[in-house]
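S.K.: Fold the following, please.
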Amino acid sequence: MSKLFSTEVTKMGPEAQRSLDKKMVILFGSYTPAELKNYCFNISGGTIEGTIEPGMKVVFDDQEYEITLVGSEAQNTLQSIGHCCFKFTGKTEDGMPGTIHLEDKPAPKIEVGTKIEIID
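M.R.: All right, here's what the predicted structure looks like:
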């Protein structure tokens with residue numbers, strides 16, 4: 001198993017936990033647009049080593065999810081500004097460009113200090 005990406009949640013908006021109820025996680029690096037600030041989990045930087053593809057895993061601390069679909073811009077925005085949306089839908093086609101879809105199961109518990117990794 002190799003690690004493509006690793007980061008940590010450094011801050012979270014007051015409404016970020018509510019996005020988990022909708023089976024969604026919105027990540028941003030140091031810059032978060034004002035209209036999304038309350039709903040996001042902010043992360044420390046991280047470099048992506050390789051190409052993110054379906055079949056790989058996203059791990060939130062010890063909770064593992066298989067990637068089912070990678071939006072056309074998701075890797076680019078995650079690398080450049082730390083932005084990505086994870087949706088726990090199991091969707092395999094027609095996703096939004098900045099979204100990585102994960103298997104359809106309950107969203108993980110996320111708090112300040114949660115480690116997020118993408119592994120092959």
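S.K.: Let me see the contact set for the most centrally placed residue in the chain.
M.R.: What sits nearest the mean C-alpha location of the chain, by C-alpha atoms, centre = their mean, is Phe86, with 4.4 Å. Phe86 sits next to Met24, Val25, Leu27, Val58, Tyr65, Thr99, Ile100, His101, Leu102 when contact means C-beta atoms under 8 Å, 6 or more residues apart in numbering. Where C-beta positions appear, they are placed from N, C-alpha and C, glycine not excepted.
S.K.: what's the answer for Gly50, then?
M.R.: Ser2, Leu4, Asp120.
S.K.: Go through these and name the one nearest Val112.
M.R.: Nearest to Val112 out of the contacts of Gly50 is Leu4 (C-beta to C-beta; 23.2 Å).
S.K.: what helices or strands is the strand or helix carrying that closest one leaning on?
M.R.: In this structure, Leu4 sits in strand 3-12 according to DSSP states H and E. Where contact means 3 or more C-beta pairs under 8 Å, 6 or more residues apart in numbering; DSSP states H and E, strand 3-12 is packed against strand 41-43, strand 115-119.
S.K.: what's in contact with the helix or strand following the shortest one?
M.R.: Which is strand 41-43. Counting by DSSP H and E, the next helix or strand C-terminal to strand 41-43 is strand 57-60. Counting contacts by C-beta under 8 Å, 6+ apart, the residues outside strand 57-60 that touch it are 64-67, 86, 100, 102, 108-110, 114-120.
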